[in-house]
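Q: Let me see the structure of the following:
(chains A and B)
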Number of protein chains: 2
Amino acid sequence: MTDMKVDSVKDYMAHIGIKARAASRLIAAAPTATKNNALLAIAQELDKSRITLVAENQKDLAAGKANGLDSAMLDRLTLKPATIDAMIEGLRQVAALPDPCGEITDMSYRPTGIQVGKMRVPLGVVGIIYESRPNVTIDAASLCLKSGNAAILRGGSEAIHSNRAIAHCLQAGLKAVGLPREVVQVIETTDRAAVGELITMPQYVDVIVPRGGKGLIERISSEAKVPVIKHLDGICHVYIDATADLEKALVIAINAKTHRYGVCNAMETLLVQEQVAPAILPRLAAAYAEKEVELRGCAKTCALIDAKPATEEDWSTEYLAPILSIKLVAGLDEAIEHINRYSSQHTDAIVTENYTLARRFITEVDSSSVMVNASTRFADGFEYGLGAEIGISTDKIHARGPVGLEGLTSQKWVVFGDGHVRK
Amino acid sequence: MTDMKVDSVKDYMAHIGIKARAASRLIAAAPTATKNNALLAIAQELDKSRITLVAENQKDLAAGKANGLDSAMLDRLTLKPATIDAMIEGLRQVAALPDPCGEITDMSYRPTGIQVGKMRVPLGVVGIIYESRPNVTIDAASLCLKSGNAAILRGGSEAIHSNRAIAHCLQAGLKAVGLPREVVQVIETTDRAAVGELITMPQYVDVIVPRGGKGLIERISSEAKVPVIKHLDGICHVYIDATADLEKALVIAINAKTHRYGVCNAMETLLVQEQVAPAILPRLAAAYAEKEVELRGCAKTCALIDAKPATEEDWSTEYLAPILSIKLVAGLDEAIEHINRYSSQHTDAIVTENYTLARRFITEVDSSSVMVNASTRFADGFEYGLGAEIGISTDKIHARGPVGLEGLTSQKWVVFGDGHVRK
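A: Numbers count the residues shown, from 1 in each chain, chains lettered A, B, ... in the order given. Below is the predicted model:
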């Protein structure tokens, strides 16, 4: 398959698209119990196939080493027993979530006598494009299945053997409960043209969810003819106002930066009101020094603590590393101005005890999550109670912030009448 | 302005985009009362400017006649006193609607102790592209303003004088309440390149709403780099099952076809269960004959009533005219199969007294509105209680079916803590 010609990739993808569209009608109508049983059956198949999964994964790892993949990539590519455990546990958790499909809300009588409401329905066919983390195959497939969508999955070529083995488990699980195997299809060619086709077949694919680095997502977004649920960068801010409880400010600013470094909801820039800076910055600097976080500050910051001078580029950099930029500001107005200019509109937090400032911050900061007196690290589908997460949308259209099952659905209008006609 | 070079159109549009983005922050933060007062002030300006509006409109009409516009186009282009009345009344109605912005929903405590909810917020900048109906300028501007968005309006070049005069009223109204005039900008060049720029400036424009014929919308959708709220065709069906109350079926099938012909929610195909056809079709045929509706039927239909034979093309045609295609089907399965194949997923209705069939129809038909025992003509923002309508979306992403103020908004997550950090 890897030596397919472009024309046959086009045919192959159209074939996959047609089957996905047909399967989407069946999975949309499938009862909740059937979907849950399929998830549990897939979990069972994974458990039964541990030896095969690891053996196939070894092929990918060997090829990866031969091709000079770095150790971080090899680590993400590895199917450890614990990774397989987590995949199985994830399937069981998704099976336990409420089914979003069919929920009818806002049903009310109109003056004409008709009853109007909205019913939650699957989007149809979801295309997921991801890099070389084979566990994403199961994550993505389970969320699509539970939300009643057919899925077309395209993982990184480095994981092709692992993904084929996982696909085998997916399809055995679907078959076990009488669902067609086309409900979840894994693209079996590593030809890059397949992605180009997937993102330009609106007749077969309703939405694309790219999971991976910013480069991948930007490339897909710019070429797609299908809507894309984007997850771009997270340049998150914490603003410590003069009215902050400094003990809260301290734990929040430490947690937001140092709880994990390589995640999108980690703080990248700390803003501190200048009058309160002498009281809080030295304490924070000591805590960051202990964790070996490199500090880069504005001139006023550097006058107070030991920090490298920050450049203009720092304010718009997602470090994903133990590096923090710090800027002193005159107050809320300057903080909001800075955030609305440099934030990636992912997650921004204020620390304050002042009611009016808190109210202004949550209203005027235009980010997918706005927080008062809480760590930006909470911006996460599990922490928000979505039960699962297919990504964090930095878009405003359709789904914003953490996207769970609901983000993979739409609504249709339902009208009940009794022979009603329009006057 | 009409002889701008492409480079200067690009500059002109970027300039408009930058101003819109800045204005969007101000209108997003504007109090409800200010937005309502602006709407009422614009209404007052229109009322004061009737003579100017009609005079400017005459210039467009004269040019339109000289350029050979047909009478339907000239009719849509004309600003009659009643059209101006309706624009004024529309502004007052939008002022009276609840403000969607700032609404906080689903606020609840999570096990960690943080409180999480969602706040409704404007999208930012909305671009509206429409044909030569100057009243759309006011409709679109009022909905964008009320939902806290900045608007960039691009009307048909045939209405340029009328639109400039209306823009003048819009900006006078905004100024009267202290809002910047850039909250609503009307593109003053008739150069087509301006549309090309507008739909490819995601840095300045958050969503495009095209209002007009299918050709316009398809062209814009295929070229846009900004999300588009699409309103494509309405091939709507009514299915009369054997279990229908025939009196209800009769009034619904007549109303859905003959209440108005040129609208997207009119029925274009009638499906009738074959056993009940002899009892209902002749009565319907008589009623349609009285209204001079041309009937095109499948072979079985033509054996029962006087109708032209329908071709394959008829099933996928939006007539927008006194023409109806009729097909007899064996039952619900065939009806749903036909609808899911040929419907444009706009609005489809079943007439039945059977609970199970009604339940299956609303679940299995994948259209933006599904109805039981009601006329498809109800698929409308006003009838559904949205208070106003910027269009009817045939998309599944973001907004589906009639789109009111809420469709011009997004939601952000709000998190309240008390020094909470992630464990």
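Q: counting contacts, what elements does the helix or strand where A:Ala349 lies pack onto?
A: Under the assignment given by DSSP states H and E, the secondary-structure element containing A:Ala349 is strand A:347-351. When contacts are defined as 3 or more CB pairs under 8 Å, 6 or more residues apart in numbering or on different chains; DSSP states H and E, strand A:347-351 sits against strand A:236-240, helix A:246-258, helix A:332-342, helix A:355-364, strand A:369-374. Every residue, glycine included, has its C-beta placed from N, CA and C.
Q: Which one of the residues in the stretch 251-400 of chain A is closest to chain B?
A: Scanning the stretch 251-400 of chain A for the residue nearest chain B gives A:Ala374, at 2.9 Å (criterion: CB to the nearest CB).
Q: That residue - nearest residue in space that isn't next to it in sequence?
A: B:Gly417 (2.9 Å; CB to CB, 6 or more residues apart in numbering or on different chains).
Q: Let me know whether A:Ala28 touches B:Asn340 as I believe.
A: No: assessed by CB atoms under 8 Å, A:Ala28 is found out of contact with B:Asn340, at 10.5 Å.
Q: Find the residues that touch each one of these two.
A: Applying CB atoms under 8 Å, 6 or more residues apart in numbering or on different chains, one finds that A:Ala28 and B:Asn340 are jointly contacted by B:Asp366.
Q: Sketch out the low-pLDDT regions of the stretch 151-300 of chain A for me.
A: Nowhere does the stretch 151-300 of chain A drop to pLDDT under 70.
Q: Now do the helix ranked longest in chain A: everything it contacts.
A: Longest among the helix segments of chain A by residue count, using DSSP state H, is helix A:6-29. Defining contact as CB under 8 Å, 6+ apart, one finds that helix A:6-29 is touched by A:4, A:35, A:101, A:121-122, A:124-125, A:145, A:148-152, A:179-180, A:182-183, A:185, A:187, A:189, A:191, A:193-194, A:197-198, A:201, A:203-205, B:340, B:363-364, B:366.
Q: Show residues contacting the helix or strand following that helix.
A: Downstream of helix A:6-29, the next assigned helix or strand under DSSP H and E is helix A:32-48. If you take CB under 8 Å, 6+ apart as the criterion, helix A:32-48 is touched by A:27, A:53, A:84, A:87-88, A:91-92, A:94-95, A:99, A:101, A:138, A:141-142, A:145-146, A:148, A:166, A:168-170, A:172-174, A:176-179, A:183.
Q: quick one: helix A:32-48 to helix A:6-29, angle?
A: Taking axes from the mean of the first three to the mean of the last three CA atoms, to 10 degrees, one finds helix A:32-48 and helix A:6-29 inclined to each other by 130 degrees.
Q: just how off-centre is helix A:32-48 within its chain?
A: Using CA atoms, centre = their mean, to the nearest Å, the mean C-alpha position of helix A:32-48 is found 23 Å from that of the whole chain.
Q: picking up where we left off before, and the angle from the longest helix of chain A to helix B:332-342?
A: Using the same axes, to 10 degrees: helix A:6-29 against helix B:332-342 is 140 degrees.
Q: now what about the strand holding A:Ala349, what contacts it?
A: Under the contact criterion CB under 8 Å, 6+ apart, strand A:347-351 has outside partners A:234, A:236-241, A:244-245, A:248-249, A:252-253, A:256, A:265, A:267, A:332, A:335, A:339, A:357-358, A:361, A:365, A:367-376, A:379, B:415.
Q: Could you check which of A:Ala28 and B:Asn340 has the larger neighbour count?
A: Counting neighbours by other CB atoms under 10 Å in any protein chain shown for A:Ala28 and for B:Asn340 shows that A:Ala28 has the greater number, 20 against 15.
Q: Need the pLDDT of the more buried one.
A: The score at A:Ala28 is 94. That number is its pLDDT.
Q: Near chain B, which residues of the stretch 151-300 of chain A? Just list them.
A: Within the stretch 151-300 of chain A, the positions adjacent to chain B are A:206-207, A:222, A:225, A:227, A:245, A:247-248, A:251-252, A:254-256, A:259 by CB under 8 Å from any CB of the partner chain.
Q: about what we covered before: now do the SS call for the residue nearest to A:Ala374.
A: strand (DSSP: H, G, I helix; E, B strand; the rest coil).
Q: hang on, it packs against B:Ile114?
A: Yes: applying CB under 8 Å, one finds B:Gly417 in contact with B:Ile114, separated by 4.8 Å.
Q: Next, show the common contact partners of those two.
A: In contact with both B:Gly417 and B:Ile114: A:374, A:378, using CB under 8 Å, 6+ apart.
Q: The closest residue to A:Ser316 other than its chain neighbours: how many residues sit nearby?
A: Excluding the flanking residues, the one nearest A:Ser316 by CB to CB, 6+ apart is A:Tyr342, at 5.1 Å. Other residues within reach of A:Tyr342, judged by other CB under 10 Å, total 18.
Q: A strand includes A:Val126, no?
A: Yes: with three-state DSSP as the criterion, A:Val126 is assigned to a strand.
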